[in-house]
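K.L.:
Structure of the sequence below:
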Amino acid sequence: MTSAPHIPVLREEAIAALGVHRGGRYIDATFGAGGYTRAIMAQPETRVLAFDRDQTAVKAGQALVDEMHGRLTLVEARFSQLEDVARAQGFAPLDGVVFDIGVSSMQFDQAARGFSFRAEGPLDMRMEGRGRSAADIVNEADVETLADILYFYGEERAARRIARAIVHDREITPFTTTRALAEMIARVAPNRASDIHPATRSFQALRIAVNDELQELLKGLLGAERLLAEGGRLVVVTFHSLEDRIVKQFLAERCGRGETGSRRLPGETPPPPPSFVCEGRQPVTPAPAETAANPRARSAKLRYATRTAAASYPLDERLARLARLPDRDKGKA
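P.N.:
Numbers count the residues shown, from 1 in each chain. Next comes the predicted model:
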């Protein structure tokens, strides 16, 4: 097989948790440079349906599709389309689904994509290159909306101060580049307590908002639950607390680790049987050697579970709230 330009974080641990076996049918929900897909297809007769919402990644992956002679199908689609695409392809039930959430190294390293402020680039951040860009949000949203995005998606304590500064400064000169926004944030909300750049959390927040990442993650998890066969594995690698919180609560509920019987009122309906079994010590984190070789791996967490024969769960409102901005009328935490 051709070599990949990027090795996913926790690749060996993810493939082990996925339990890949000969002739299995798997979804790689985040194809990227094909690292997971290559590892899965190293097992004979496996088949993979791979997803990526980035046109560039899909185009670059066509060589691997050709090389696999029908064992690999690569589609440009979002997590929310995972179930529909798999069923349309006749690719169900599944032996495993693996997610590597977030932005790939290739996307961060391409200044023209606007994901990073390390180099001058357009304030874009769109994974698909379509829809509203980060510049559109920054230059059009009101102060309250901007503050909500920065606070809830970036966990930025100075969210209101930054939002007010954005609205003030854009009246003079609209924000069009990553550097201009990063420099403004560093000026109004300097970070003296850490070596993290002051704009890091704001850029994360804008990227999540532009690509609706948390809603897409939740919809992808729900689709995977409905597609997996009994004994099939779900594996998810996340890179920040918002993603991990959704995955952790999703699996806790479905593995029967949510509300306990002692907390139910007399006569209250008991919870449905678990749709997953969670085993082992979790989350799995990178070994020191991996974080030394790749600093981006430091925040990675891997969670996994095995599908049972029980019915899929409906979406719980508590889980849904984790994936969206709160209703402003109900106040902000």
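K.L.:
For A14, list the residues it contacts.
P.N.:
8, 36, 98, 100, 235, 237, 302 (C-beta atoms under 8 Å, 6 or more residues apart in numbering). C-beta coordinates here come from the backbone N, C-alpha and C atoms, glycine included.
K.L.:
Oh, that last question was meant for F250, not what I typed.
P.N.:
218, 221, 319.
K.L.:
Let me know the secondary structure of it.
P.N.:
helix (DSSP: H, G, I helix; E, B strand; the rest coil).
K.L.:
returning to that earlier point: now the contacts of A14 as a markdown table including pLDDT and distance to A165?
P.N.:
A markdown table is the format used below for these (pLDDT from 0 to 100; distance: C-beta to C-beta, whole Å):
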| residue | pLDDT | distance to A165 |
| --- | --- | --- |
| P8 | 83 | 37 |
| Y36 | 95 | 41 |
| V98 | 98 | 40 |
| D100 | 93 | 34 |
| V235 | 98 | 41 |
| V237 | 96 | 35 |
| L302 | 97 | 38 |
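K.L.:
Now do the nearest residue to G256 once chain neighbours are set aside, the pLDDT please.
P.N.:
Among residues not flanking G256 along the chain, P274 sits closest, at 4.1 Å (C-beta to C-beta, 6 or more residues apart in numbering). Each residue has a pLDDT score; the one for P274 is 97.
K.L.:
Name the residues of stretch 59-68 that come out as buried.
P.N.:
60-61, 64-65, 68 (16 or more other C-beta atoms under 10 Å).
K.L.:
Looking at those residues, which are in helices?
P.N.:
Per DSSP state H, helices hold the following members of the buried residues of stretch 59-68: 60, 64-65.
K.L.:
Out of these, which is nearest to C278?
P.N.:
L64 (32.1 Å; C-beta to C-beta).
K.L.:
which regions of the stretch 151-300 of the chain sit below the pLDDT cut-off?
P.N.:
Within the stretch 151-300 of the chain, the segments meeting pLDDT under 70 span 192-194, 258-268.
K.L.:
Centroid-nearest residue for the chain?
P.N.:
I101 (2.9 Å; C-alpha atoms, centre = their mean).
K.L.:
Can you tell me which of the buried residues of stretch 59-68 is closest to L251?
P.N.:
G61 (28.9 Å).
K.L.:
dump the residue contacts of that closest one.
P.N.:
31, 33-34, 50, 52, 74.
K.L.:
Start and end of stretch 38-50, how far apart?
P.N.:
11 Å (C-alpha to C-alpha, to the nearest Å).
K.L.:
Next, the buried residues of it.
P.N.:
Those would be 38-41, 46-50, for stretch 38-50 by 16+ other C-beta under 10 Å.
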